[in-house]
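>>> I need the structure of the sequence given here:
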Amino acid sequence: MLRVGSGAACMACRNLVSSNMGIRFRVPLQKLHPLSRAIHHRYSGNGNPQRTPHRTAARYFTSMSRLPMRPPKPPPGSGGRSYQQQRNFWVARLAARLLRLRYILFGTAVGGGYTAKKTYEEWKDMLPDFSDYNWVIPDFVWELSEQIDLDKLTKALPEMEEIAKLLPDFDKIGENFSFLKSLLSSETTGDPPLKATDSAAAASHDASDKQYKKGLLGELILIQQQIQQHEEEVRRAAAARIAHPPPPEPAPSPPPNPSPPLQKRKSSDKEKVDQLQEELLRTQLKYQRMLERLEKENKELRKVVLQKDDKGIHQRKVKKSLIDLYSEVLDILSDYDANYNTQDHLPRVVVVGDQSAGKTSVLEMIAQARIFPRGSGEMMTRSPVKVTLSEGPHHVAMFKDSGREFDLNKEEDLAALRHEIELRMRKSVKEGQTVSCETISLSVKGPGIQRMVLVDLPGVISTVTAGMASDTKETIFSISKAYMQNPNAIILCIQDGSVDAERSIVTDLVSQMDPQGKRTIFVLTKVDLAEKNLASPSRIQQIVEGKLFPMKALGYFAVVTGKGSPGESIDAIKDYEEDFFQNSRLLRDGMLKAHQVTTKNLSLAVSDCFWKMVRESVEQQADVFKASRFNLETEWKNNYPRLRELDRNELFEKAKNEILDEVISLSQVTPQHWESILQKKLWERVSTHVIENIYLPAAQTADSGTFNTTVDIKLKQWTDKQLPHKALEVAWETLQEEFARFMAEYRGKDQDDIFDKLKEAVKDESIKRHKWNERAMDSLRVIQHNALEDRSITDKPQWDAAIYFMEDTLNSRLKDTESVVRDMVGPDWKERWLSWKNRTPEQHIRNETKNELERLLKLHDDHTAYLANDEVTTVRKNLEGRSVEVDPVLIKDTWHQLYRRHFLQKALSHCNLCKRGFYYYQRHFVDSELECNDVVLFWRIQRMLVITANTLRQQLTNTEVRRLEKNVKEVLDDFGEDMEKKTQLITGRRVQLAEDLKKVREIQEKLEAFIEALHKEK
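Sure, this is the predicted structure:
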């Protein structure tokens, strides 16, 4: 019950104190009831013994004490005369006073009522109309007050008596500590036990009075302070006992056996120490449970508020949380600076550790969900994973570049999330590599989650095993160093407690990056296995005290992340961790402190360090990006003063519009232009076949009937097999050339050369994807077959056009043939004399062979296309007679070119004769020695070319140009979604400078918004 100091309290004060209170604290006098305080003061300070304390107190506080209903009795010995005189006139005096009091009361009532009414009306008129200011209070406050029953919530809170029952008897603990202190002092110094004086007790009571606070929070703070004080006392006592052991007894007269009272005293002291430690441990556990219960109630209340806010009770725009703003800045920085240069010095929590040390498990406990893929001894973390933790109404996870939310309370969503993370990791790893430096960004929200940004790195390995790239170890070291080199990064060093400390690799790496330990937090995992396996539990104490590893840290923590089963839930792991530490002798024997254990305390400590580092460094980083922005803007103004700052995406959109305009220009090509180009290209492609395989073999026949039959057969074969394919190839090449021509013409009109590589790639990819309509070939074959079957030349202009076409073709072939013959025989006598050129021995032989064969052609003008064997022998013998050794193959080869020239010359002369043969053609060359069947053949070829060009032009303009335009759009869309492709095709200092400017401005704006929100939260 409440106790008041014996020297300052009275019996009345003691009677006012409730007897059923379970907490015994010293309450200052100022906190007593005013009536009790008044009684105490009046009674204790009055020296008159004639008045009783209660009457004095009543007189002190009531107005009737000045107007007693009856006068006091006269003192003894004064007589009764005065009393008798007053008694004779008491009726008259009473009547007079009552009459006078009636008028006074009546007048006062009337005047006071009028004055009060007038004052109330004036005061009421002065008040403003508060109904106009209802908009100041948000709507969700009114609706929230309707939704939440505050009376019910108040009743749900624990009473003071219930909390007091959980607390131990601190007086008993204090007495035990005093006894222990006196015992240790007496054993070490030999002095009598120390006794607490009344003044010391009063001083301690006054200090506790100053620390007293109203409410449950104040009591918890007091409990925590007392626990820390008791821990300090135990530590000091143990240190003093170790430093000053009890002196041994003198050697001359040692007692044979210790006396039984001394042995009993030592055993009782040991029991008291053990009892005191158990009492302290129970107090800490009760304190932890009270905190957890209050946190749970607070989390449920915040969840209700956040759910109401999430459903949109008020119409305000929902702002992003502080941690979401910070995470956006880090995401932009990861895209801007993929190599993690010195520009990015913003804080984040970097989780490093040896492989299978429990890094992922610790992160999952902090995130309160099993979100990462798991494997037994296999490397699962293959790339850095940035996890942004924040508070929200629902426990969900989401990737930065995806809109899907994974409900972490559903097992199927958890499995899908783990599978997606594994797929993204494997996709980020390049071929031939094992790990990747590409960061996967993930956000996790949920009730009660501490706000921070963590980066889970691949586990450090000591040996490269089979199936890994040879540089895997070095790559992991470089990635870890790159993240830890950030001077503002908090290093969460994870060490497996179940393995020997000497096998640790990560501790040396962390000590290199942070030798002073100003931003490192050490976490010892698998403490349950460590306690079970280690023969000396004090080794764990050395680790968490920083005495075993050659590294320093801000804090040391010991955690348990489950029994190793992948199917364990987070709640089961928490219960197992709590039960372990509650029963562990590491905590019971004082090797570990209560604030150094459990992942809950770890997450709180990491979050505090993270936000402390953020507040200390974020403004400095904002100034760095401000200076970087100024430098980039100055460079742009000096180098590109008349150009807009277009980044890579904006430049791609500009190039895309230009390319689409160039494709549309294809539809503006005239039909005459298309047909002219197609006809010319098609004849260039098929002319050789027509001359060599159709005209020349048919011209060797004896009569016109055989000539026409041979021509028809060969034309039919050609049309069925080759001609349609050749025509479509020509059309497709023509479309490509025209498309390239328009792009080249567009390029000359003040076009930016920065788009050249992109346009060339789009053109090549579009042509590669384009395929001609398959049904066009069948229809084209029918049209060409019908055109070649027609032999009827209707008018003289067509006849003249066919002769001109024939002459042009034969002249072209004759020039080619003469050029070949000239190359075979070498320079003639003019070139030898004027240009100082000589013939080679082979050319000399061919020249002699040519002269011999020309004599043969002069003798036989109508010779066939092939030499007989005896003719070859004759030519050879004639050349040998002139001392020229020649091979028969060379003779035949030379004959082929000479006969070809001879034939073309005769055909041209025959073509000149047929210019006037249209009249005979109309009469089917009856009664005429002139036959112009070759002219009819060339007319058929010419007509087929015209009809084929017209057909291909229609297919181009009606179908293929549109399909090409569609392909170009698809290619541009694909390129637009492929950032790597755009980076390869749109390059240059101008592009990179615009990209840097855009990113730096965006980062600076995000940082300023974050700093403003951070200041508001302060």
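>>> excluding chain neighbours, what is closest to residue 429?
residue 436 (4.6 Å; Cβ to Cβ, 6 or more residues apart in numbering). C-beta coordinates here come from the backbone N, C-alpha and C atoms, glycine included.
>>> residue 369 too?
residue 408 (4.2 Å).
>>> after the strand or helix carrying residue 636 comes which helix or strand?
Under the criterion DSSP states H and E, the helix or strand holding residue 636 is helix 599-639. The helix or strand immediately downstream of helix 599-639 is helix 648-665, counting by DSSP H and E.
>>> and that following helix, what does it pack against?
helix 723-747, helix 756-769, helix 961-977, helix 979-985, helix 989-1017 (3 or more Cβ pairs under 8 Å, 6 or more residues apart in numbering; DSSP states H and E).
>>> list the neighbours of it that are in contact with it.
The set of residues external to helix 648-665 that reach it, using Cβ atoms under 8 Å, 6 or more residues apart in numbering, is 646, 739, 742-743, 746, 751, 754-755, 758-759, 762, 961, 964-965, 968-969, 972, 975-976, 982-983, 986, 991, 994-995.
>>> helix or strand: which one has residue 930?
Short version, using DSSP H and E: residue 930 is in no helix or strand.
>>> make that residue 491, sorry
strand 490-496.
>>> that strand vs helix 599-639, what angle?
Between the axes of strand 490-496 and helix 599-639, defined by axes from the mean of the first three to the mean of the last three Cα atoms, to 10 degrees, the angle is 140 degrees.
>>> packing partners of strand 490-496?
Using 3+ Cβ pairs under 8 Å, 6+ apart: strand 490-496 touches strand 349-353, helix 359-367, helix 506-513, strand 520-525, helix 599-639.
>>> run through the neighbouring helices and strands of the last one.
Spelled out, it's helix 599-639. helix 359-367, strand 452-456, strand 490-496, strand 520-525, strand 555-558, helix 570-583, helix 989-1017.
>>> turn the ones you listed into a markdown table, including mean neighbour count and distance to residue 628.
Output for the helices and strands packed on helix 599-639, formatted as a markdown table (neighbours: other Cβ atoms under 10 Å; distance: least, Cβ to Cβ, whole Å):
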| stretch | mean neighbour count | distance to residue 628 |
| --- | --- | --- |
| helix 359-367 | 25 | 32 |
| strand 452-456 | 24 | 22 |
| strand 490-496 | 26 | 24 |
| strand 520-525 | 24 | 29 |
| strand 555-558 | 24 | 35 |
| helix 570-583 | 16 | 42 |
| helix 989-1017 | 17 | 5 |
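>>> so which of those comes closest to residue 920?
When those are compared by Cβ to Cβ, helix 989-1017 sits nearest residue 920, at 73.1 Å.
>>> which strands and helices lie in contact with that closest one?
Helix 989-1017 packs on helix 322-336, helix 599-639, helix 648-665, going by 3+ Cβ pairs under 8 Å, 6+ apart.
>>> and residue 595, what is it in contact with?
residue 601.
>>> how far away is it from residue 538?
In this view, residue 595 and residue 538 are 20 Å apart by Cβ to Cβ, to the nearest Å.
>>> would you agree residue 400 is in contact with residue 443?
Yes. The criterion here is Cβ atoms under 8 Å, and residue 400 meets it with residue 443 at 7.2 Å.
>>> got a list of what the residue nearest to residue 369 touches?
Neighbours of residue 408 in contact, by Cβ under 8 Å, 6+ apart: 368, 369, 371, 395, 396, 397, 414, 417, 444, 446.
>>> at 10 Å instead, please
Shown in contact with residue 408 (Cβ atoms under 10 Å, 6 or more residues apart in numbering): 367-371, 394-397, 414, 417, 444-446, 570.
>>> and which of the residues you listed is nearest residue 951?
Among the contacts of residue 408, and counting by Cβ to Cβ, the member closest to residue 951 is residue 417, at 59.1 Å.
>>> chain neighbours aside, what residue packs nearest to that closest one?
Counting by Cβ to Cβ, 6+ apart, the residue nearest residue 417 is residue 406, at 4.3 Å.
>>> dig out what the one you found forms beta bridges with.
Bridge pairing for residue 406 (DSSP bridges) gives the partners residue 397.
>>> count the neighbours of it for me.
By the other Cβ atoms under 10 Å criterion, the neighbourhood of residue 406 contains 24 residues.
>>> so it touches residue 370, yeah?
No. Counting by Cβ atoms under 10 Å, residue 406 does not reach residue 370; the two are 11.8 Å apart.
>>> low-confidence stretches in the stretch 351-500 of the chain?
For the stretch 351-500 of the chain, applying pLDDT under 70 flags the ranges 375-378.
>>> show me where it has its helices.
359-367, 411-428, 472-484 (DSSP state H, counting those that start in this stretch).
>>> in the last one, what counts as buried?
To tie it back to what came earlier, the one meant is helix 472-484. 472, 473, 475, 476, 479, 480, 482, 483, 484 (16 or more other Cβ atoms under 10 Å).
>>> as TSV, those residues with distance to residue 271 would be great.
Output for the buried residues of helix 472-484, formatted as TSV (distance: Cβ to Cβ, whole Å):
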residue	distance to residue 271
472	58
473	55
475	59
476	54
479	56
480	51
482	57
483	52
484	50
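>>> coming back round to it: dump the residue contacts of the residue nearest to residue 429.
So residue 436 contacts 382-384, 424-430, 458, 475, 479 (Cβ under 10 Å, 6+ apart).
>>> just residue 969 next, same as before
Contacts of residue 969 (Cβ under 10 Å, 6+ apart): 656, 659, 660, 663, 766.
>>> picking up where we left off before, next one: the residue nearest to residue 429 from residue 385, what distance?
For residue 436, the distance to residue 385 - Cβ to Cβ - is 11 Å.
>>> which neighbours do the two share?
424, 425, 458.
>>> with neighbour count added, can I get those in TSV?
Converted to TSV, those look like this (neighbours: other Cβ atoms under 10 Å):
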residue	neighbour count
424	20
425	22
458	25
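>>> and which of these is nearest to residue 953?
Nearest to residue 953 among the shared contacts of residue 436 and residue 385, with distances taken as Cβ to Cβ, is residue 424, at 51.3 Å.
>>> surely that closest one touches residue 381?
No. Residue 424 lies out of contact with residue 381 (Cβ under 10 Å); the separation is 11.8 Å.
>>> now for those two: what residues contact both?
With Cβ under 10 Å, 6+ apart as the test, residue 424 and residue 381 both reach residue 440.
>>> any idea how far residue 755 is from the closest residue to residue 743 other than its chain neighbours?
Distances taken as Cβ to Cβ, 6+ apart place residue 662 nearest to residue 743, at 5.1 Å, with adjacent residues excluded. Distance of residue 662 to residue 755, computed by Cβ to Cβ: 11 Å.
>>> how far away is residue 646 from residue 628?
The value you get for residue 646 to residue 628, if Cβ to Cβ is used, is 20 Å.
>>> let me fix that, I meant to ask about residue 795.
When residue 795 is compared with residue 628 (using Cβ to Cβ), they lie 81 Å apart.
>>> so between these two, which is more surrounded?
Remark: of residue 795 and residue 628, residue 628 carries more neighbours, 17 against 9, as counted by other Cβ under 10 Å.
>>> who's in contact with residue 899?
Counted by Cβ under 10 Å, 6+ apart, residue 899 has contacts 696, 817, 853, 856, 857, 863, 864, 865, 866, 867.
>>> what residues are up against the last one?
Remark: with contacts taken as Cβ under 10 Å, 6+ apart, residue 867 is in contact with 853, 856, 873, 874, 875, 888, 891, 892, 894, 895, 896, 899.
>>> can you tell me which of these is nearest residue 506?
residue 896 (83.8 Å).
>>> before we move on, back to that, using JSON lines, lay out the helices and strands packed on helix 648-665 together with mean pLDDT.
Output for the helices and strands packed on helix 648-665, formatted as JSON lines (pLDDT from 0 to 100):
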{"stretch": "helix 723-747", "mean pLDDT": "84"}
{"stretch": "helix 756-769", "mean pLDDT": "86"}
{"stretch": "helix 961-977", "mean pLDDT": "88"}
{"stretch": "helix 979-985", "mean pLDDT": "88"}
{"stretch": "helix 989-1017", "mean pLDDT": "86"}
